[in-house]
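*Asks:* Structure here, sequence nowhere to be found:
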């Protein structure tokens, strides 16, 4: 006989208290093998004070601690250790539609039931669990459909780490699947999801301290993940899983979000940073060069081969642009590129493989988006030849058909 424990869930951002279900208890001698928590509610317009939000955050943390105990029982683990926890809110979306991680715990289980051995590399000596508290929320007046998520990647570990449905019965994802991924108008769905982490992945987490977590997006049609039906783009977020990883994420936050930073490719060291706030206009498009960063970059072991041609080391020049479109032609801001002229002779193209795509491939009239352009230089050449040279950025804009709509010299920024 199974026992299901249902707890009150406390949403974090501008939410009331979710309804709670009765606890169903079995005989004290009955083994607990699976458990779940999820709740749905129709939202009412309300305002929540900052003090209430803090109380809710505390209650969410308590819920995670309770589910941790349930997890220990259902896996029959002799020992469960909390390796790391975080209760900072991570959100994808806007006020109308959003997905929120309320908090998470990274746990280690030891000597657990052989029923879970397959999930942990055909052994039951040790394994990891990422326990996530999350909320899907639809404040709009139409139904929306949640996309896939709840997976993460770790530097040095080749496989994706995903949800393990056997760790929590009828978890948040299961509840969502029962609803065919639909969130009705003014509906909120909260609950927990557990990701199983194999020992090999745990070793890499110890080394890197972080993981890249996929946050679900939202769509206007069921089973459609096309750009035309996208309401909120899915996105990836770096999460800390060790104290060292938390420090690394804090340090990384000072850098512009190129792939080097967002995918944790290695270590950046700031050499020079300039706030520019320079604006150039092309037809009905305003392009703002917000700033530039020059950094020394040391790739990690997994990325070292990609930068092998830089024998003396790598210098990166990253420029952050904001592009506002007030014209009738939609822009593909994700495809924005540039040429960097160094001094009077050297020209180099931006490195597309080091630049992120932010779902800004169709920026319409009245909309804006950001783009970080990256240039890679050999460290010795930079220090001996380019360090004190003038830098001139020539930006290229593209429409949604990938056609370049600017000519050389239309959009120029002096970076020095």
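*Replies:* Arrived safely. Fair warning: this is a prediction, and the values are worked out from it, not measured in the lab.
*Asks:* The residue nearest to residue 96 when sequence neighbours are not counted - how many residues pack around it?
*Replies:* Distance criterion C-beta to C-beta, 6 or more residues apart in numbering; nearest residue to residue 96, sequence neighbours excluded, is residue 140 at 4.6 Å. (Each C-beta comes from the backbone N, C-alpha and C, glycine too.) Neighbour count of residue 140, defined by other C-beta atoms under 10 Å: 18.
*Asks:* ok, now residue 72?
*Replies:* 18.
*Asks:* Could you measure from it over to residue 132?
*Replies:* Here residue 72 is placed at a distance of 17 Å from residue 132 (C-beta to C-beta, to the nearest Å).
*Asks:* Wait, residue 193 touches residue 135, no?
*Replies:* No: checked against C-beta atoms under 8 Å, the pair residue 193 and residue 135 is beyond contact range at 11.4 Å.
*Asks:* Could you check stretch 233-252 and say which residues are buried?
*Replies:* Buried residues in stretch 233-252, counted by 16 or more other C-beta atoms under 10 Å: 233-242, 245-246, 248-249, 252.
*Asks:* Stretch 272-290 now?
*Replies:* So for stretch 272-290, counting by 16+ other C-beta under 10 Å, buried means 276, 280, 282, 285, 287, 288, 289, 290.
*Asks:* Out of the residues you listed, which sit inside strands?
*Replies:* Judged by DSSP state E, strands contain the following of the buried residues of stretch 272-290: 276, 280, 282, 285, 287, 288, 289, 290.
*Asks:* Contacts only, for the second one.
*Replies:* Right, residue 280. 286, 287, 289, 395, 411, 412, 413 (C-beta atoms under 8 Å, 6 or more residues apart in numbering).
*Asks:* Try it again at 6 Å.
*Replies:* 287, 411 (C-beta atoms under 6 Å, 6 or more residues apart in numbering).
*Asks:* mind checking pLDDT for it?
*Replies:* Residue 280 carries a pLDDT value of 97.
*Asks:* rewinding a little: so which of the ones in strands among the buried residues of stretch 272-290 would you say is closest to residue 144?
*Replies:* Closest to residue 144 out of these is residue 285 (30.6 Å), distances taken as C-beta to C-beta.
*Asks:* Quick check: that closest one touching residue 328?
*Replies:* No: contact criterion C-beta atoms under 6 Å: residue 285 and residue 328 do not qualify, at 11.0 Å.
*Asks:* before we move on, the earlier item: give me the subset of the buried residues of stretch 233-252 lying in helices.
*Replies:* Counting by DSSP state H, those place 245, 246, 248, 249, 252 in helices.
*Asks:* just to revisit the earlier point, closest one of the buried residues of stretch 233-252 to residue 223?
*Replies:* residue 234 (15.1 Å).
*Asks:* you'd agree residue 115 is in a helix?
*Replies:* Yes: under DSSP: H, G, I helix; E, B strand; the rest coil, residue 115 sits within a helix.
*Asks:* Could you list the low-confidence segments of the stretch 1-150 of the chain?
*Replies:* Scanning the stretch 1-150 of the chain for pLDDT under 70 picks out 1-62.
*Asks:* Report the secondary structure state of residue 380.
*Replies:* Residue 380 ends up helix, using three-state DSSP.
*Asks:* For residue 304, grab phi and psi.
*Replies:* phi -60, psi -40 (degrees, to the nearest 10).
*Asks:* Count the residues that sit near it.
*Replies:* Around residue 304 there are 12 residues (other C-beta under 10 Å).
*Asks:* quick revisit: hmm, which two among the buried residues of stretch 233-252 are most spread apart?
*Replies:* Farthest pair in the buried residues of stretch 233-252, by C-beta to C-beta: 233 and 242, 28.7 Å.
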